[in-house]
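Novice: the sequence isn't on hand, but the structure is:
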């Protein structure tokens, strides 16, 4: 059963006729929420409360379920219990401190998973929904390596880079945080239902929208401010010039966060957004060390990992070649970062054409190589 304090914060978000700015003004003037909700009509009128909001507060005082705002709170609490969704409010001591200090921080967060993860240092990884194989590989690799260095990966569960980042952390044996733009009783996009289940089981999924809320286009820019707000910095893997990732990067800068970008081919449309960010002052990133160096003023890697000189893997971690047999490994090692013809690869590996093509296909499906004009090239 949720506490009455939780219900009061929910009710504040359900008050009609009040925008987010006005709600914050009221909280600044009356930081004691129970006191504000117990004011009589004359006092509410004197502080400039809108008529419909005042009527809702009077209905709340009477616990009048006939009023839509009161009924909405009851419905949200019932749905949260039904779907095992937690509620974290502005008044809770466990509300994430990083998020608390951004402009327009959500007053209520709905949660599924381990909320204690919100106290950990996080880094956002975002990028194109139509990422290239190289972009997907970068997202996975950076997510795994950053997680191993004790930075928890936060993203938006979208197709492309977001999903690859979550999967990269989870496959390496680490938790991850997903911020979604709909209610937690559903997962959007539907293709990521299984991935969403993994996030909840081994990490945390959060939303500012109550159960039952469908995904809408306007929700995603709002969600993005939470991703950057929770994070110490944001890594953009691939992005077009009009990408939502650039909006998130701008929000991160406004929030005082570091912005990192991975460069790509000058011919690739999904690299142009990253190049634009780099021109604007984002840190160009080639390795995880570039990120750790920039964040060094406030964060230092675990001593055990520093002494080893490389990330210390956790149980369940997987290297990029795990599960491949000797033939695929030989083909991978024969490849370079410039395209090589199948004739050259066949000569280098001693494999006949049919076996070589089978190995290349498997490596491509694993996101380790890609086809290019002139042959195949390594992207891992």
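Specialist: Right, received. Where do you want to start? All values derive from a computational prediction rather than experimental measurement.
Novice: report the secondary structure element holding residue 357.
Specialist: Using DSSP states H and E, residue 357 maps to helix 353-365.
Novice: cool, residue 109 as well?
Specialist: strand 108-113.
Novice: C-terminal to that strand, what's the next element?
Specialist: Next along the chain from strand 108-113, counting by DSSP H and E, comes strand 122-126.
Novice: quick one: the very next helix or strand once past that next one to helix 353-365, angle?
Specialist: Under the assignment DSSP H and E, the closest C-terminal helix or strand after strand 122-126 is helix 133-148. Helix 133-148 runs at 60 degrees relative to helix 353-365, counting by axes from the mean of the first three to the mean of the last three Cα atoms, to 10 degrees.
Novice: what angle do helix 133-148 and strand 122-126 make?
Specialist: Using the same axes, to 10 degrees: helix 133-148 against strand 122-126 is 170 degrees.
Novice: list the residues that contact residue 142.
Specialist: For residue 142, the contacting residues are 125, 165, 168, 235, 237, 262, 288, 291, by Cβ atoms under 8 Å, 6 or more residues apart in numbering. Just so you know, the C-beta spots here come from the backbone N, C-alpha and C atoms, and that holds for glycine as well.
Novice: roughly how far apart are the residue nearest to the second one when sequence neighbours are not counted and residue 227?
Specialist: So that's residue 165. Sequence neighbours aside, residue 125 is the residue nearest to residue 165 in space, at 3.9 Å (criterion: Cβ to Cβ, 6 or more residues apart in numbering). To residue 227, residue 125 is 9 Å away according to Cβ to Cβ, to the nearest Å.
Novice: between these two, what contacts are shared?
Specialist: Common neighbours of residue 125 and residue 227 (Cβ under 8 Å, 6+ apart) are 154, 155, 234.
Novice: take those and write them to TSV, including neighbour count, secondary structure and distance to residue 243.
Specialist: Putting the shared contacts of residue 125 and residue 227 into TSV (neighbours: other Cβ atoms under 10 Å; DSSP: H, G, I helix; E, B strand; the rest coil; distance: Cβ to Cβ, whole Å) gives the following:
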residue	neighbour count	secondary structure	distance to residue 243
154	32	strand	18
155	30	strand	14
234	29	strand	13
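Novice: and of those residues, the nearest to residue 339?
Specialist: residue 155 (30.8 Å; Cβ to Cβ).
Novice: confidence score at that closest one?
Specialist: Residue 155 carries a pLDDT value of 98.
Novice: ditto for residue 356
Specialist: With respect to pLDDT, residue 356 scores 86.
Novice: what number of residues lie near the residue lying closest to it once chain neighbours are set aside?
Specialist: Spatial nearest neighbour of residue 356, excluding adjacent residues (Cβ to Cβ, 6+ apart): residue 346 at 5.3 Å. The tally of other residues near residue 346 (other Cβ atoms under 10 Å) stands at 17.
Novice: pLDDT-wise, which helix or strand of this structure ranks last?
Specialist: helix 303-308 (a mean of 38; mean pLDDT, DSSP states H and E).
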